[in-house]
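K.L.:
coordinates only, no sequence provided:
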């Protein structure tokens, strides 16, 4: 196994698919983490446009989605001077290495992936080869930059484990080349749908989802309609809807506000008609800086594309060096 120096600045990487507007779950669970990480690690953050092709989409909307996500990256606080921000499709080395990795990855390894099996069960959805080989491509994204630490949620552990397996298999067969990246489980809140708190917040269910660019009136209405107590909770536990509102309070409201409503909940005097307007106001206030920056950035498509081109140029140099090393080790001419 490749040794990682404790004094060396570790490399991290993460990406988001451009498939529509982001919501507050994306911000709290990913973007906010990215911004904090860029001051600690050598960071690569990318727009995963090739990954986004595995699900139905409108070709005429894809470029706009790419620019929208790039604007969101920058509005959230990602700095091109601190992080390498790039577009996946601008770096063909990703797809070439994906083919090489696919030749050392057994099909059963891919068929057992939970995400793949879940997709296969969807009604009216035809599973394509890209979804089956998605973990191989994701392994490339990580390993081509020799990333050592990857921020993941619990539901992504399986994907990172197959990345570690691919690195191990390659190293065993062709010699030490790739580090086995370790997971970084950050404190990421799991936000649930406002109108169905048993399901994770998702852009596919907009009524229960607060998007980063929702207007104040829209946010107020969505919070007002949020489900609270639908059934008696288990002893000592909040109902899913109430727990979700308190999770949002924890993220957007002051400590004093959280304590106030928690005390009210515990002594049975809580009134959600009082909590919801306060929460909506705090979310609106919390999103205002992002929305202001985004509004300016999205009107500058050339600037956004320039950021992607510059970052992709830097990333590609690293990717080219790794691919050359790989081709040499597997016996291909370089």
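P.N.:
Structure received. What you are looking at is a predicted structure, and each value in this text was computed from that prediction instead of being measured.
K.L.:
check which residues of the helix ranked longest in the chain are buried.
P.N.:
Assignment by DSSP state H gives helix 301-330 as the longest helix of the chain. By neighbour count on 16 or more other C-beta atoms under 10 Å, the buried set for helix 301-330 is 304, 307-308, 311-312, 315-316, 318-319, 322-323, 325-326, 329. In this view, the C-beta of every residue, glycine as well, is placed from N, C-alpha and C.
K.L.:
how about those residues in a markdown table, adding distance to residue 221 and pLDDT?
P.N.:
Formatted as a markdown table, those follow (distance: C-beta to C-beta, whole Å; pLDDT from 0 to 100):
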| residue | distance to residue 221 | pLDDT |
| --- | --- | --- |
| 304 | 31 | 98 |
| 307 | 34 | 98 |
| 308 | 35 | 98 |
| 311 | 38 | 98 |
| 312 | 40 | 98 |
| 315 | 41 | 98 |
| 316 | 45 | 98 |
| 318 | 46 | 98 |
| 319 | 45 | 98 |
| 322 | 49 | 98 |
| 323 | 50 | 98 |
| 325 | 55 | 98 |
| 326 | 53 | 98 |
| 329 | 58 | 98 |
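K.L.:
of the residues you listed, which is the nearest to residue 33?
P.N.:
residue 311 (18.6 Å; C-beta to C-beta).
K.L.:
what about that closest one, distance to residue 48?
P.N.:
14 Å (C-beta to C-beta, to the nearest Å).
K.L.:
any idea where the strands of this structure begin and end?
P.N.:
Secondary structure of the chain by DSSP state E: the strands cover 11-16, 42-47, 83-87, 149-151, 182-184.
K.L.:
looking at the ones you listed, which is nearest to residue 202?
P.N.:
Short answer: strand 11-16, nearest of the strands of the chain by C-beta to C-beta, at 14.1 Å.
K.L.:
which neighbouring elements make contact with the helix-or-strand element of the chain with minimal mean pLDDT?
P.N.:
Every helix and strand in the chain was compared by mean pLDDT, DSSP states H and E; the lowest is helix 114-120, with a mean of 78. Counting contacts by 3 or more C-beta pairs under 8 Å, 6 or more residues apart in numbering; DSSP states H and E, helix 114-120 packs against helix 129-132, helix 134-143, helix 157-174.
K.L.:
neighbours around residue 194, how many?
P.N.:
22 (other C-beta atoms under 10 Å).
K.L.:
and what of residue 58?
P.N.:
Residue 58, neighbours per other C-beta under 10 Å, totals 8.
K.L.:
give me the pLDDT value at it.
P.N.:
Here, the pLDDT recorded for residue 58 equals 96.
K.L.:
now stretch 281-299: mean pLDDT?
P.N.:
98.
K.L.:
that one: which residues count as buried?
P.N.:
Quick answer for stretch 281-299 (16+ other C-beta under 10 Å): 281-284, 287, 290-291, 293-294, 297-298.
K.L.:
pLDDT score assigned to residue 183?
P.N.:
Reported pLDDT for residue 183: 93.
K.L.:
cool, residue 3 as well?
P.N.:
Looking at residue 3, its pLDDT stands at 43.
K.L.:
also residue 232?
P.N.:
As predicted, residue 232 sits at a pLDDT of 52.
K.L.:
check the offset of stretch 242-256 from the chain's centre.
P.N.:
Here stretch 242-256 is found 22 Å from its chain centre; the criterion is C-alpha atoms, centre = their mean, to the nearest Å.
K.L.:
one more: stretch 81-92?
P.N.:
That offset, for stretch 81-92, works out to 15 Å (C-alpha atoms, centre = their mean).
K.L.:
residue 225: neighbouring residues, count only.
P.N.:
Neighbour tally, residue 225, other C-beta under 10 Å: 12.
K.L.:
one more: residue 147?
P.N.:
When neighbours are defined as other C-beta under 10 Å, residue 147 has 23 of them.
K.L.:
distance-wise, check it relative to residue 287.
P.N.:
From residue 147 to residue 287 the distance is 30 Å (C-beta to C-beta).
K.L.:
brilliant, that's me finished.
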